[in-house]
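Asker: fold the following for me, if possible:
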Amino acid sequence: MNVFIVAYLATALFYAALAVYFWRTRWRAPEAAHGGQVATRAGERVAVLAPLVLHAILLYQSTLSGPSLRLGIGNAASLIVWLSVLIYWLGSFVHRVEGLQALVMPMAALGCVLPLLAPPARALPNTEFLAFKAHLLISMLAYSFFTIASLHVLLMAVLEKRLHVGQLRGGLTVLPPLLTMERILFQLIGAGFVLLTLSLASGILFSEELFGRPLDWNHKTVFGAVSWAIFGALLWGRRRYGWRGRTAMRWTLSGFLMLVLAYLGSRFVLEVVLQRAA
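Answerer: From the prediction side, this is the model:
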């Protein structure tokens, strides 16, 4: 078996093992329901860092090791997942994220092996332009922040439901209050919105530099603009009317769906369905 296939599978299994561990210690642990301490430990951060580093090496080999940048749908989705895990890992030093690990790790296990399941990545044109490289990096970061925000929304929904029925257990018992989690959510959305704005702006500048026109209104651009408008409206509604709770959750998931359709959806149709380069 190819050594890279073994490395992908080993990294995915590492993520999967962490998913099981965090599920058992955060969502299922009976001691947490009786006030036990399940805060993120230094050893757990090191354990998450190990597959994160392996994943980074695999991404480098699959996208940057050749003479040009290769970024098909598999590599792109895997990169977004890797950045999402990195953001979560860094955030664990600042915020209490007990419960979120059990959502992030399964996503990482699946995202890690996507390059093996997708069509082979092809070299991207125009990667010699600095503006294009900056545009790609900013776009991937924006996707990653909104991915974590969407997982955070799902965790908030579970917490809210458990609070209503009085069935808190595991890591949910030591999560911050819902109002604090909402503040963290809007911090994530605010950072993602800034990056998405920069992504759209850099895309316009790159298009004008390369093709002599400011914007190509294809389906990717339209869905991206719709997502930007949704998140912008959500931030405005939060500031103007104090939107929160289920309203914020619905708007967040709607904006994320538009973002997925904008890039990954279009690449899936082109590369998997139509089997041609994006």
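Asker: tell me the SS of residue 59?
Answerer: With DSSP: H, G, I helix; E, B strand; the rest coil as the basis, the three-state label of residue 59 is helix.
Asker: what sits against it?
Answerer: For residue 59, the contacting residues are 75, 78, 79, 82, taking CB atoms under 8 Å, 6 or more residues apart in numbering as the criterion. Any C-beta I mention is one placed from the backbone N, CA and C, and that applies to glycine too.
Asker: how about the nearest residue to residue 228, chain neighbours excluded?
Answerer: Of all residues not flanking residue 228 in the chain, residue 196 sits nearest, at 5.4 Å (CB to CB, 6 or more residues apart in numbering).
Asker: next one, pLDDT for the one you found please.
Answerer: In the predicted model, residue 196 carries a pLDDT score of 95.
Asker: buried stuff in the helix or strand where it lies?
Answerer: In this assignment (DSSP states H and E), residue 196 forms part of helix 178-211. Of the residues in helix 178-211, those scored as buried under the neighbour-count criterion (16 or more other CB atoms under 10 Å) are 181-182, 184-189, 191-193, 195-196, 198-200, 202-204, 206-207.
Asker: that older thread, mind checking how far the residue nearest to residue 228 is from residue 135?
Answerer: Separation of residue 196 from residue 135 (CB to CB, to the nearest Å): 12 Å.
Asker: how about the contacts of residue 59, which pair is most distant?
Answerer: Maximum pairwise distance in these, criterion CB to CB, is 10.2 Å, between 75 and 82.
Asker: other SSEs contacting the helix or strand that contains residue 260?
Answerer: Residue 260 is part of helix 245-260 when elements are defined by DSSP H and E. In terms of contacts (3 or more CB pairs under 8 Å, 6 or more residues apart in numbering; DSSP states H and E), helix 245-260 is packed against helix 130-165, helix 178-211, helix 219-241.
Asker: what does stretch 42-56 contact?
Answerer: Contacts of stretch 42-56 with the rest of the structure, by CB under 8 Å, 6+ apart, involve 7, 10-11, 14-15, 18, 21, 78, 82, 85-86, 89, 92-93, 101, 105, 108, 112.
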